[in-house]
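Participant: my questions are about this predicted structure, shown below with the sequence.
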Amino acid sequence: MSSSSPGIRRSLKILFVRPAADPETIGLQHVMVVEPLELEVLATVVPAGDRPALADMLLDKRSLRDILASERPDVLCVTGYVTNVADMIGYCRLAKELLPGVATVVGGVHCEVCPDDLDDAAVDFRVVRNAVVVFPALLEHIRGNGPRPPAVFAPGEKVDMDALPPYDFTYPIPDRSLTKPYRRDYFYIFHQPVALVKTAFGCPYKCNFCFCRRVTRGAYHTRPLDQVLQELKGIEESDVYIVDDDFLVSRQAVMRFVEGVRREGIHKRYVVYGRADFVARHPDVMREFRDAGLRTVIIGFESFDDAELASFDKGTDAATNEAAMRVVNDLGLDCYATIILSPEWGRPEFARLGRKLRELGIHYVNLQPLTPLPGTGIEVRADQLVISRKDYAKWDLAHVSVRPKKLTVGDYYGEIIKAYMQTLYQLRAYPRYLQQPPWMIWKMIRGSQRVRKQYLGKQREARRGA
């Protein structure tokens, strides 16, 4: 790790890196690649005089080795998810090999919930809480001008999550200039180019399968609306994905947002995540939001079975899910549905799901085998797991992680493939697809076929190991 004499302020070259997808990770990157918002936010708080640069390895054609050799940073900062753990550590090891004096920093949501997974001799600092606040102080520490800030841990140090400082939700308007070389390639399904905006942190609900709520340990905080509107006005892209864990939290908040974008003359096409119960109960709000630019709602239906929904602590029911889909269809909105696939399922349950998706007119779906991510309320014995806890790249909400009760793992993958094909390629969906530009349709076909190829590979792998 680099150091400096106390009191002397030297300029630091800081390289922010978003990892590439591991080949083992079943790839949402084939149908969506969005900007690394957390790195753009950190770049915004870099002190004047320092020199930030950013490499998005999901899109950059250069190797990290070449980038490190070219940039020669004083500080390497890498963030990622559970699927990126091995690469985050690997990137730090490579940096130390090429640049022995470099200071290495890791962070992101997985580091904030499971920091011990990133404890490695090549990782100088793990930022576990309040990254926006502590990052400038950490840079001063690396410069030799101050103590290591709280909630930043060195190799070998164990983290007591209960002893961490309180949450500080300070959040600047992100500096998107560092991602300019990549911006035209950021997309989310049929939204391209797309920018990300975050208006809130955490979620007020307590679904027991959800990792997101563990990041803030149940805390929920919203940004001031005037700041959000100011950020939207500075975004060049016409499409905006609001990446709150749940944007549709309250009728009053959504209407204030709608009124704000109208008042400020902001014209965007929005993608938001929201719960089915909000959509079903507030069709008038959804209509107003559509008229102000809403185009797509990502809805975590999770299931169309009341008993399953109750087991997830979802706080809703199948009838509400169906009512929400009727509202979406009546308003002509796109719906990207997420469904949790239970390890209790056999072929009849998969067939029932397929019929329900087609009946409700759901064309775009993300099928997630139940995945007991660490820190959630889903507990599974080790002997029930199909993949090791340390095989991080496979904990992607797409691999079968819990051994199915009624099917072999290979046959379970076969049912997932069949459900995807029957939903995505149903004839009634074609008119909707054909409303998109031809290049975008081709991109989605190619992306979905790549995901299918990965699933077929997993099916063959499971059958060989059976």
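Facilitator: Structure received.

Participant: quick one: least confident helix or strand in this structure?
Facilitator: Across the helices and strands of the chain, mean confidence by mean pLDDT, DSSP states H and E is lowest for helix 212-215: a mean of 85.

Participant: so which elements touch it?
Facilitator: When contacts are defined as 3 or more CB pairs under 8 Å, 6 or more residues apart in numbering; DSSP states H and E, helix 212-215 packs onto helix 109-113. From N, CA and C alone the C-beta is placed, and that goes for glycine too.

Participant: which other residues reach whatever helix or strand comes next after the helix it packs on?
Facilitator: Helices and strands here follow DSSP states H and E; after helix 109-113, the next one along the chain is strand 125-127. Residues from elsewhere that reach strand 125-127, judged by CB atoms under 8 Å, 6 or more residues apart in numbering: 103-107, 111-112, 115, 118-119, 134-135, 138, 148, 151-154, 159.

Participant: low-confidence ranges, this protein, go.
Facilitator: Along the chain, segments meeting pLDDT under 70 span 1-9, 466.

Participant: break it into its domains for me.
Facilitator: Following the assignment in automatic domain parsing, the chain carries domains at 13-163, 177-465.

Participant: and those domains, which is most packed in?
Facilitator: For those, average neighbour numbers computed from mean count of other CB atoms under 10 Å are highest in domain 13-163, which has a mean of 19.

Participant: the helix or strand following the least confident helix or strand of the chain packs against which elements?
Facilitator: Heading C-terminal from helix 212-215, the first helix or strand you meet, by DSSP H and E, is strand 221-222. Packing contacts for strand 221-222, counted by 3+ CB pairs under 8 Å, 6+ apart, involve strand 200-201.

Participant: so what touches the strand it packs on?
Facilitator: Strand 200-201 is contacted from outside by 167, 169, 171, 216, 219-223, 244-247, 249, using CB under 8 Å, 6+ apart.

Participant: tabulate these (CSV), appending distance to V197.
Facilitator: Listed next are these as CSV, based on distance: CB to CB, whole Å:
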residue, distance to V197
Y167, 20
F169, 15
Y171, 11
T216, 18
A219, 20
Y220, 17
H221, 15
T222, 13
R223, 9
D244, 9
D245, 14
D246, 14
F247, 10
V249, 15
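
Participant: residue contacts, the nearest residue to Q368 once chain neighbours are set aside?
Facilitator: With sequence-adjacent residues excluded and distances taken as CB to CB, 6 or more residues apart in numbering, Q368 is closest to L397, at 4.5 Å. Taking CB under 8 Å, 6+ apart, we find L397 in contact with Q368, P369, T371.

Participant: in strands only, show me the residues you listed.
Facilitator: Q368, P369 (DSSP state E).

Participant: how about TSV for the contacts of L397, with distance to F257 added?
Facilitator: Below are those laid out as TSV (distance: CB to CB, whole Å):
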residue	distance to F257
Q368	28
P369	34
T371	32
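
Participant: of the contacts of L397, just say which sits nearest to K405.
Facilitator: P369 (12.7 Å; CB to CB).

Participant: correct me if wrong: that closest one contacts P343.
Facilitator: Yes: assessed by CB atoms under 8 Å, P369 is found in contact with P343 at 7.4 Å.

Participant: now list whatever residues contact both of the two.
Facilitator: Shared contacts of P369 and P343 (CB under 8 Å, 6+ apart): V400, V402.

Participant: hmm, back to that, for I378, see how far away the residue nearest to Q368 is.
Facilitator: 12 Å (CB to CB, to the nearest Å).

Participant: who touches both of these two?
Facilitator: T371.

Participant: pretty sure S238 is touching V271, no?
Facilitator: No: using CB under 8 Å, S238 makes no contact with V271, being 11.8 Å away.

Participant: mind listing what T320 touches?
Facilitator: So T320 contacts A276, D277, A280 (CB under 8 Å, 6+ apart).

Participant: closest to A318 among those residues?
Facilitator: Proximity of the contacts of T320 to A318 (CB to CB) peaks at A276, which lies at 9.6 Å.

Participant: is it true that the closest one touches S303?
Facilitator: No: contact criterion CB under 8 Å: A276 and S303 do not qualify, at 10.8 Å.
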